[in-house]
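[1] Okay, here's the prediction I keep looking at, along with the sequence it came from:
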Amino acid sequence: MGKIRIGIFGFGKTGKVVANEFLNDSLFTLAWVVRKGQNDHHKYASRLLGYEFDAGEIFSIEDIDDNFFIERPVDALVDFSDSTGIYLYKKAAEAGIPIISAISKYEQEEMNLIKSYAKLTSVLYSPNITLGINVLMVAAQILQKIAPHADIEIVEEHFKGKKEVSGTAKRIANVLSLNEEEHLNSIRVGGIVGRHEIIFGMPNQTIRLYHESISRAAFGQGAIFAVKYLIGQPPGMYTMETIIAEMFRQNIPVY
Ligand SMILES: NC(=O)C1=CN([C@@H]2O[C@H](COP(=O)(O)OP(=O)(O)OC[C@H]3O[C@@H](n4cnc5c(N)ncnc54)[C@H](OP(=O)(O)O)[C@@H]3O)[C@@H](O)[C@H]2O)C=CC1
Ligand SMILES: O=C(O)C1=N[C@H](C(=O)O)C[C@H](O)C1
């Protein structure tokens, strides 16, 4: 079997590290990268990341036309751009290319669009694609059932420049039926990659579940896991949480 061809949207703080993880994995070949501007146009992501071979030619959004995805076929498209990226790959969905979107904040319009793509191809959408945070999210829901009267607070910490509230924290609030305004606490300092903590407060004890991404490579590894899962799946909407929840189901009988 040939290598799995990957196209990436976004070549910023995270896209670059994600590209590097795919370049480092012999199962994959990085076909192209699309970014917003003209920086490094037609250069190779591989060269820019220090490799001595050509892979991942860099395109700008101006290059995307109706034939882009036909002329440059890939086996999966991975999106670490921003909420506008999704408007550019309808043709990829129509061509049946599996799509992984890691964008942390979509408005309703973009959510509707991604759902429409899921009718055409397999789509995995996850505001936090790390394996660990999804394990934590499933564990938190189990804990909430075991201790339904615990007070619960969510604390999310990110780098100073992150403007929006963590999409992961909002998702955690949602699955635990907590009001975001009341129970979500955000901290922006220095260069924290991403840390989420769920505090369960009870009268005589406190349980803290936390996950920390110590390198953006965690997002690349999550994307690799997601691609491997998604290829070959029928059209539909998938999430990391449901994949991990299934793993919980299969591995719960530890005693
Ligand atoms: N789900 C997850 O696990 C994670 C999600 N994220 C999310 O990924 C996204 C990117 O994060 P980050 O790398 O830090 O952001 P950056 O601002 O550092 O980079 C954004 C990149 O996207 C490119 N871009 C912007 N608009 C488009 C577009 N329409 N089409 C193609 N490329 C575009 C930019 O291009 P140019 O360089 O030309 O300006 C840039 O390369 C954010 O939404 C972030 O929250 C981040 C980490 C983990
Ligand atoms: O912007 C980021 O970087 C991250 N965003 C995600 C979020 O908003 O939850 C996930 C991750 O922690 C990094």
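    Cool, got the structure. Ligands and ions are numbered 1, 2, ... in the order given.

[2] what does the stretch 51-200 of the chain have sitting close to ligand 2?
    Counting by C-beta under 6 Å from any ligand atom, the stretch 51-200 of the chain comes close to ligand 2 at Ser104, Pro127, Asn128, Lys162, Ser166, Gly167, Thr168, Gly194. All C-beta spots, glycine's among them, are computed from the backbone N, C-alpha and C.

[3] quick one: the first one and Val165 touch, right?
    If I follow you right, that is Ser104. No. Assessed by C-beta atoms under 8 Å, Ser104 is found out of contact with Val165, at 9.1 Å.

[4] Tell me which of those two has more neighbours.
    Per other C-beta atoms under 10 Å, whichever of Ser104 and Val165 has more neighbours is Ser104, with 23 against 17.

[5] Could you measure from the more buried one over to Asp79?
    From Ser104 over to Asp79 the distance is 11 Å, taken as C-beta to C-beta, to the nearest Å.

[6] Any chance of the backbone angles for whichever residue of the chain sits closest to ligand 2?
    Closest to ligand 2 within the chain is Gly194: 2.6 Å, counting by C-beta to the nearest ligand atom. Note on Gly194: its backbone torsions stand at phi 170, psi 120 [degrees, to the nearest 10].

[7] try Ile172
    phi -60, psi -50.

[8] Closest residue of the stretch 1-150 of the chain to ligand 1?
    Gly12 (1.8 Å).

[9] how many neighbours does that residue have?
    For Gly12, the count of nearby residues is 12 (other C-beta under 10 Å).

[10] Contact partners for it?
    Neighbouring residues of Gly12 by C-beta atoms under 8 Å, 6 or more residues apart in numbering: Arg35, Phe80, Ser81.

[11] Apply 10 Å and report the result again.
    Taking C-beta atoms under 10 Å, 6 or more residues apart in numbering, we find Gly12 in contact with Arg35, Lys36, Phe80, Ser81, Asp82.

[12] go on, Lys228?
    Contacts for Lys228 (C-beta under 10 Å, 6+ apart) come out as Ile4, Leu27, Phe28, Ala76.

[13] Perfect, that will be all.
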